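Asks: prediction below, plus the sequence it came from.
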Amino acid sequence: MFHLAAQADVRVSVERPAVDAEVNIIGSINVIEGARLASARQVALPPGGGTAYGEPGPAPLPVQAATPAPPASPHGEGTTTAQDST
């Protein structure tokens, strides 16, 4: 199953974080539950782009893949949460 539904506007996520969370996190949970009920073998999410990654904290350069870079917006947080749920 391909999950392509989302509220993708970062500005909306900052102005109305609860709406963003309901659409992107709760919506993803609903898609995953529907996939489970339909006995889908996989749920595929498109890549979240750069919104799932914020600026890395002070770290030696070059930055490594394991360097923490928490999301910089509610949209990025929702994207990360939805991806971690699958």
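Replies: Alright, I've got the coordinates. Because the structure is a prediction, the values reported are computed rather than measured.
Asks: ok, now which ones touch Gln42?
Replies: Taking Cβ atoms under 8 Å, 6 or more residues apart in numbering, we find Gln42 in contact with Met1. Quick note: C-beta positions are derived from backbone N, CA and C, even for glycine.
Asks: I'd like the distance between it and Val31.
Replies: Per Cβ to Cβ, to the nearest Å, Gln42 is found 12 Å from Val31.
Asks: anything in contact with each of these two?
Replies: The overlap between the contact sets of Gln42 and Val31 (Cβ under 8 Å, 6+ apart) consists of Met1.
Asks: now the nearest residue to Ser28 once chain neighbours are set aside: which helix or strand?
Replies: On the basis of Cβ to Cβ, 6 or more residues apart in numbering, the spatially nearest residue to Ser28 that is not a chain neighbour turns out to be Ala82, at 3.8 Å. Secondary-structure element containing Ala82, defined by DSSP states H and E: helix 74-85.
Asks: all helices of the protein, in order?
Replies: Counting by DSSP state H, the segments of the chain that form helices are 10-15, 17-21, 27-37, 74-85.
Asks: how about the worst-scoring helix or strand of the chain on mean pLDDT: buried residues?
Replies: Counting by mean pLDDT, DSSP states H and E, the weakest-scoring helix or strand in the chain turns out to be helix 74-85, with a mean of 81. Taking 16 or more other Cβ atoms under 10 Å as the basis for neighbour counts, the residues of helix 74-85 that come out buried are 74-82.
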